[in-house]
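Q: Sequence plus predicted model, see below.
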Amino acid sequence: MKDDYLWDGSGEPDPEVQKLETVLGRYRHNKPAPAFDRLAEIRPVKQRWSFFSLRWSYQLGALAAVVLLAATVFYAVSSRPTGNAGPSWDVARLEGTPRIGWHSFGEKSGPGKLSIGQTLVTDSSSRASITFDETGRVEVDAGSRLRLVANGPGRKWLSLERGTIHATIWAPPGQFVVDTPSAIAVDLGCVYTLHVDDSGAGLLRTTMGWVGFKLNGRESFIPAGAICQTRPKIGPGTPYFEDASAPFREALSRFDFESTTPAERNALLGILLVDARKNDALSLWHLLSRVSDADRPGVYDRLAALSPPPTGVTREGILRLDRPMLDAWWSSFGFGDIYLWRTYERDWSQPPPKAK
Amino acid sequence: MERQAVTAWAATEPREEDSLVSAARDGDRAAFGRLYGRYARMVHGILLARVPPREVDDLVQEVFLLALRQLRGLRDVSRFGAWLGTITRNRANDYFRKSIPDAKATEPVSENQPESRSTNHAAGQEAAVILAVVRGLPEPYREPLILRLVEGMTGPEIAARTGLTHGSVRVNLYRGMQLLREKLGETTKGAS
């Protein structure tokens, strides 16, 4: 069959596919592997020398230099603010005069450094970007306060106290985290914008990939094109696609964050189920674990009608909130492999490690 | 027309590969070099689906060096391919965030590239046009088609390397090919 040829090169050759292979083959990868094994052999050359083989005048000079160096280091370390140790992030001014602590940097000053414990502040007319080679780049909009909390291997932790950041992250999933007053955003390989207002409420919008939002065991997954709001003391709300209907979005916001009577809650749930489109499986899947046991069958039925559960996922399993079944259903939507979250999820509610 | 070379894919390879990833994670650079040999085309193809061809070779090196530095953080060795794919896509995304003008980013081959200066100018132009059409397809189809048609990987190999299911790769390959035929038909009509 011709289809077999496209699949694995077997069967009757498809002339059109063959032609495309020939024409496009010129772009095929053909570079040899870099010498990774030789990298392993590179070692710093150690010079063989002995302190005692030096002349006494050199020995005295060396001792004096060591004492001077120790005194300088002691002075430098003791005069730095607490928690300011560790590697820093490069900060570049984009507009205005952002500042780190008391240090402002304007048009003529060079790039700054953001160390652990320090806060980058932009006023109403300034913007900045921070970069860390192995992790990603974050642009900080005007009117923001962003603190570097931790910067260990495999764990980069920022705290957005208020304002807006645009993050492009190329670190492996689960390593870049932004804390806000109302939820923790865990990068799962993506580009996103996060905004926090003065009350601590947040809004996350994912442009590419997906982001996990978490607070006190409440999880929300936000794929590209979706939005999720957060509120202090409540945590992340139910994510939704930006093109969902206005009644759907309004009902979701009230359902998540407003204090309502049982009757009002039923009415809101009714709007959500009636107005849900196929893409709104995103929101309905989250609602499964947020509604009461009595309401769950209704949510299941609507979700199953919009996006049937994959093989092995049963109604009974979902109604008892069986996690592997919920995960399998999520992964069937094509919004992102939940394996990434389950693999890289850590207890981000714990305080970050203290800077040494 | 001659049958094109596609990669033979052994079902026993995954187990052997887990050992390679474990060894590389423990600092064995030779093992990492062998992983490069197995995954370079996947990384190259994912990048080619997103960034200008002239940038791809350099970015392939960057992705592997980044992976080498980050490998200790990989918990499940059997997910190496999916993990590497994520790093690659993120690196491609970052390429656009770092100030590459849109027009340059989307052109497959520019006038001053060696490709255009070669004696095989017409073939180079044809390849550039087809690649541009493939890159204009919806994202789910772009990657599998480039891995299959450019890199010569088979469907089972694409699934195994990227961590996707056979079913989704198969569907995307067929639908993508169908769409590509339609688009190429429109291009030919437009040209005539």
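A: Cool, got the structure.
Q: Look up how far chain B lies from the most centrally placed residue in chain A.
A: Nearest residue to the geometric centre of chain A (C-alpha atoms, centre = their mean): A:Asp187, 1.6 Å. Between A:Asp187 and chain B the computed distance is 9 Å (C-beta to the nearest C-beta, to the nearest Å). Where C-beta positions appear, they are placed from N, C-alpha and C, glycine not excepted.
Q: Next: A:Val138.
A: A:Val138 is 11 Å from chain B, by C-beta to the nearest C-beta.
Q: And A:Arg26, by the same measure?
A: Applying C-beta to the nearest C-beta to A:Arg26 and chain B gives a distance of 5 Å.
Q: so what's the residue nearest to the centre of chain A bridging to?
A: A:Val211 (DSSP bridges).
Q: pLDDT of the helix or strand harbouring A:Ser253, averaged?
A: Using DSSP states H and E, A:Ser253 maps to helix A:246-257. Here helix A:246-257 scores 93 as its mean pLDDT.
Q: Buried ones in that helix, by neighbour count?
A: A:Phe248, A:Arg249, A:Ala251, A:Leu252, A:Ser253, A:Arg254, A:Phe255, A:Asp256 (16 or more other C-beta atoms under 10 Å in any protein chain shown).
Q: and it, what does it pack onto?
A: strand A:226-231, strand A:240-241, helix A:262-275 (3 or more C-beta pairs under 8 Å, 6 or more residues apart in numbering or on different chains; DSSP states H and E).
Q: List the contacts of that helix.
A: A:229, A:231, A:234, A:237-238, A:240, A:244, A:260, A:264-265, A:268-269, A:271-272, A:275-276, A:280, A:283 (C-beta atoms under 8 Å, 6 or more residues apart in numbering or on different chains).
Q: any idea how far A:Leu114 is from the most centrally placed residue in chain B?
A: Per C-alpha atoms, centre = their mean, the C-alpha nearest to the average position across chain B is that of B:Gly45, at 1.1 Å. With the distance defined as C-beta to C-beta, to the nearest Å, B:Gly45 ends up 37 Å from A:Leu114.
Q: helix, strand or coil for the residue nearest to the centre of chain B?
A: Following DSSP: H, G, I helix; E, B strand; the rest coil, we place B:Gly45 in the helix state.
Q: just the one 5 residues further on next, same as before
A: Using three-state DSSP, the secondary structure recorded for B:Arg50 is coil.
Q: Kindly report the same for A:Glu12.
A: Applying three-state DSSP: A:Glu12 is coil.
Q: Would you confirm that it contacts A:Tyr5?
A: Yes. Using C-beta atoms under 8 Å, A:Glu12 is in contact with A:Tyr5, at 6.4 Å.
Q: These two - which one has more neighbours?
A: Neighbour count, other C-beta atoms under 10 Å in any protein chain shown: between A:Glu12 and A:Tyr5, A:Tyr5 has more, with 20 against 10.
Q: Which strand or helix spans the residue nearest to A:Pro13 when sequence neighbours are not counted?
A: Spatial nearest neighbour of A:Pro13, excluding adjacent residues (C-beta to C-beta, 6 or more residues apart in numbering or on different chains): A:Tyr5 at 5.2 Å. Using DSSP H and E, the element containing A:Tyr5 is helix A:2-8.
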